[in-house]
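Undergrad: My questions are about this predicted structure, shown below with the sequence.
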Amino acid sequence: MSVDAVYLAMDVEPRMLAQAVRGFRALNILGFNVTIPHKIKIMKYLDSLDRTATTIGAVNTVVNRDGRLFGYNTDGTGALEALRKSGLDPKGKRIVLIGAGGAARAIAFTLAEIAQRMVIVNRTISKARMLAREVQKTTQSPVIYRGLNSSILKDELLTSDLLVNATSIGMNPRVSETPIDTSLLRTDLDVFDIVYSPVETTLLKETMKVGAKSVNGLTMLVNQGAQSFELWTGLKAPTFTMTAALNNALKVSSR
Ligand code: NAP
């Protein structure tokens, strides 16, 4: 794309985060992504935060504009874009979101704003409660919480249109695991699994078998990255090329 830039991975020790940010400022780099475990701590070293990052309480993208560092969060909007591009607009849908960790948090705030209602289900119920309360307060949308067990899931899924797995269940190497009993899947229950390694989880394979629509985690990963790229460069991201590169990288890493 004739952008004179490189994208590099750097492993920053938690105790060195402040110095790393000072270094980025000194080098006047265009921007950077932030991942576990720095997404929350980074916020105090930035000059400004956008509304979404403030609401979610975490930053995954930083843009350097004339020496001032601006924090954004593209995880939730990347997930939303992934759903929309795959023909699964969550607007007006009844959503069951499994998980209450970092990724679930970004997705919950973003989707609750446009959903008809959301149920947050998590193994540790106190985390589901905390997240549901925060999301409901911020978005003014109806959000309830439940513990992760099969009879609760059976009831909630019966009256839902979209299931989102935002846990690490089904991720390599425990690929045979699924967050729900797959007999609960049905043609009119769309499924979004944010796990991207493997790209086709057992949950997604079973979803396809019953003929329901599905979206994989790679689509979200590409779209959150694409939005970072657009924030840094102002150019439309080459999502097709990015998807191909990611697919190759995942194949190499799973060998
Ligand atoms: P996290 O903050 O550590 O949260 C993990 C979540 O998974 C928690 O809700 C946890 O429940 C639940 N969980 C883990 N193991 C479980 C089990 N055996 N049974 C029931 N629940 C279990 O992690 P995260 O950053 O949110 O990431 C979650 C997954 O999303 C990972 O697979 C990650 O690779 C993927 N991810 C994908 C994208 C993408 O772009 N596609 C982006 C970010 C993350 P408890 O609260 O009870 O522990």
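TA: Ah, there it is.
Undergrad: ok, the closest residue to the ligand within the chain - contacts?
TA: Residue nearest to the ligand within the chain: Gly101 (1.9 Å; Cβ to the nearest ligand atom). Heads up, the C-betas are built off the backbone N, CA and C, glycines and all. Taking Cβ atoms under 8 Å, 6 or more residues apart in numbering, we find Gly101 in contact with Lys127, Ala166, Thr167.
Undergrad: just Thr243 next, same as before
TA: Leu218, Thr219, Val222.
Undergrad: Give me the secondary structure label for the last one.
TA: Meaning Val222. Secondary structure state of Val222, per DSSP: H, G, I helix; E, B strand; the rest coil, is helix.
Undergrad: Pull out the C-alpha coordinates of the helix or strand hosting Val63 and format them as CSV.
TA: Using DSSP states H and E, Val63 falls within strand 61-65. Extracted C-alpha coordinates of strand 61-65, given in CSV (Å, rounded to 0.1, in the frame of the first residue of the first chain):
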residue,chain,number,x,y,z
THR,A,61,-4.8,0.7,20.0
VAL,A,62,-2.7,3.8,20.5
VAL,A,63,-2.2,6.6,17.9
ASN,A,64,0.5,9.2,18.1
ARG,A,65,-0.7,12.6,16.8
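Undergrad: List, out of the contacts of Gly101, those positioned next to the ligand.
TA: Contacts with the ligand within the contacts of Gly101, as defined by Cβ under 6 Å from any ligand atom: Lys127, Ala166, Thr167.
Undergrad: List phi and psi for the last one.
TA: Note on Thr167: its backbone torsions stand at phi -100, psi 180 [degrees, to the nearest 10].
Undergrad: List the buried residues for the worst-scoring helix or strand of the chain on mean pLDDT?
TA: Within the chain, no helix or strand scores below helix 239-254, which has a mean of 88 by mean pLDDT, DSSP states H and E. Buried residues in helix 239-254, counted by 16 or more other Cβ atoms under 10 Å: Thr239, Met242, Thr243, Leu246, Leu250.
Undergrad: would you turn those into JSON lines with distance to the ligand?
TA: Converted to JSON lines, the buried residues of helix 239-254 look like this (distance: Cβ to the nearest ligand atom, whole Å):
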{"residue": "Thr239", "distance to the ligand": "13"}
{"residue": "Met242", "distance to the ligand": "12"}
{"residue": "Thr243", "distance to the ligand": "12"}
{"residue": "Leu246", "distance to the ligand": "10"}
{"residue": "Leu250", "distance to the ligand": "11"}
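Undergrad: quick check, nearest of those to Gly78?
TA: Comparing the buried residues of helix 239-254 against Gly78 with Cβ to Cβ places Thr239 closest, at 10.7 Å.
Undergrad: So the nearest residue to the closest one once chain neighbours are set aside: helix, strand or coil?
TA: Once flanking residues are discounted, Thr239 sits nearest to Ala226: 5.1 Å by Cβ to Cβ, 6 or more residues apart in numbering. Under three-state DSSP, Ala226 falls in the helix class.
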